[in-house]
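Student: got a predicted model here, sequence first, then my questions.
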Amino acid sequence: MEPVEPVEPSQPLAQAWADLVATARRTVADGLVVGTSGNVSVRVGETVLVTPTGVPYDRLTPQDAVGVGLDGRQILGELKPTSELPMHLAVYRNTPAAAVVHTHAVHATAVSALVPELPLIHYMAAALGGPVRVARYALYGSEELAENMLQALRDRSGCLLQNHGAVAYGSTLAQAYDRTAQLEWMCQVWLAARAVPGHAPSLLSRGQLRDVEEKLRGYGRQN
């Protein structure tokens, strides 16, 4: 790939980058990411802003903005995009997502190594579209991982990645972050419940989850 000439980001891109950096720093502050182990992206038109690889979030400045087109070609910045770029682009190409948050959060990663689907421990699974699946393991940064993730995300807005972590998307950075945090919380609850000796956690039925999904469709609306 030819070197990228530095480009001054437009005002919308500059603001989106500032919001992205704030969200990335929040993943660290809230314990969802250690070091540079996660990544965040946001789509602005046909440009995808994404965290760079190997750079601590607290060192990122407005001049460090990294942007690529939907074809993966870098069009903004000099830092190298995250190694998980194929996964982010796969989400944007196949869903209405405007933002993606990927973490290696402890509980989500632990659950991803135990089961093929997060058991229905809490009704908030409905906010992610249904039971949360675990994408089959593949090498990080690979097209195979991106494809496995897409299969797990079918009709969902979040999934786990086997022996790796979690990913969620949303119509805003705030929504993508909230879904990631909610998924980590559900994983923590299930692990805590199953760890009690002599007891098995009660789980919701698919029918009970469908009732929640129906109720959530009217959430926040006036009668």
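Tutor: Thanks, I have it. Residues are numbered from 1 along each chain as shown.
Student: lowest-pLDDT helix or strand in the chain?
Tutor: Scoring the helices and strands of the chain by mean pLDDT, DSSP states H and E places helix 206-217 at the bottom, with a mean of 92.
Student: what residues does that helix touch?
Tutor: With contact meaning Cβ atoms under 8 Å, 6 or more residues apart in numbering, helix 206-217 is reached by 120, 123, 125-127, 130-131. Every C-beta, even on glycine, is put in place using the N, C-alpha and C of the backbone.
Student: go again using 7 Å as the cut-off
Tutor: Applying Cβ atoms under 7 Å, 6 or more residues apart in numbering, the contact partners of helix 206-217 are 120, 123, 125-127, 130.
Student: which pair in the residues you listed spans the largest distance?
Tutor: Spatial extent of the contacts of helix 206-217 (Cβ to Cβ) is set by the pair L120 and A127 at 12.7 Å.
Student: on that earlier part again, highest neighbour count among the contacts of helix 206-217?
Tutor: Within the contacts of helix 206-217, most neighbours by other Cβ atoms under 10 Å means A125, with 24 neighbours.
Student: hmm, P131 and that residue touching each other?
Tutor: Yes: look at A125 against P131 with Cβ atoms under 7 Å: they come within range, at 5.9 Å.
Student: name the SS class of A24, please.
Tutor: helix (DSSP: H, G, I helix; E, B strand; the rest coil).
Student: so what's it up against?
Tutor: So A24 contacts 40, 51, 57 (Cβ under 7 Å, 6+ apart).
Student: pipe those residues into TSV and attach pLDDT, distance to A98 and secondary structure per row.
Tutor: Shown next, in TSV, are the contacts of A24 (pLDDT from 0 to 100; distance: Cβ to Cβ, whole Å; DSSP: H, G, I helix; E, B strand; the rest coil):
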residue	pLDDT	distance to A98	secondary structure
V40	98	12	strand
T51	97	16	coil
Y57	94	20	helix
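Student: for these, which one is nearest E84?
Tutor: Using Cβ to Cβ, T51 comes nearest to E84 of those, at 9.3 Å.
Student: kindly provide the distance from the closest one to V167.
Tutor: 14 Å (Cβ to Cβ, to the nearest Å).
Student: again with V91
Tutor: 8 Å.
Student: who has more neighbours, those two?
Tutor: V167 (29 against 25).
Student: which intervals of this protein have sub-threshold pLDDT?
Tutor: 1-9, 218-223 (pLDDT under 70).
Student: buried stuff in the helix ranked longest in the chain?
Tutor: If you go by DSSP state H, the chain has its longest helix at helix 173-194. Of all the residues in helix 173-194, those buried under the rule 16 or more other Cβ atoms under 10 Å are 173, 175-177, 179-184, 186-191, 193.
Student: which strands and helices sit next to the helix or strand harbouring E147?
Tutor: Using DSSP states H and E, E147 falls within helix 143-152. Other helices and strands packing on helix 143-152, by 3 or more Cβ pairs under 7 Å, 6 or more residues apart in numbering; DSSP states H and E, are helix 85-94, strand 134-135, strand 158-161.
Student: quick one on the thing from earlier: tell me the buried residues in the least confident helix or strand of the chain?
Tutor: 209, 212.
Student: now swap in stretch 111-123 and tell me
Tutor: Buried residues in stretch 111-123 (16+ other Cβ under 10 Å): 111-112, 118-123.
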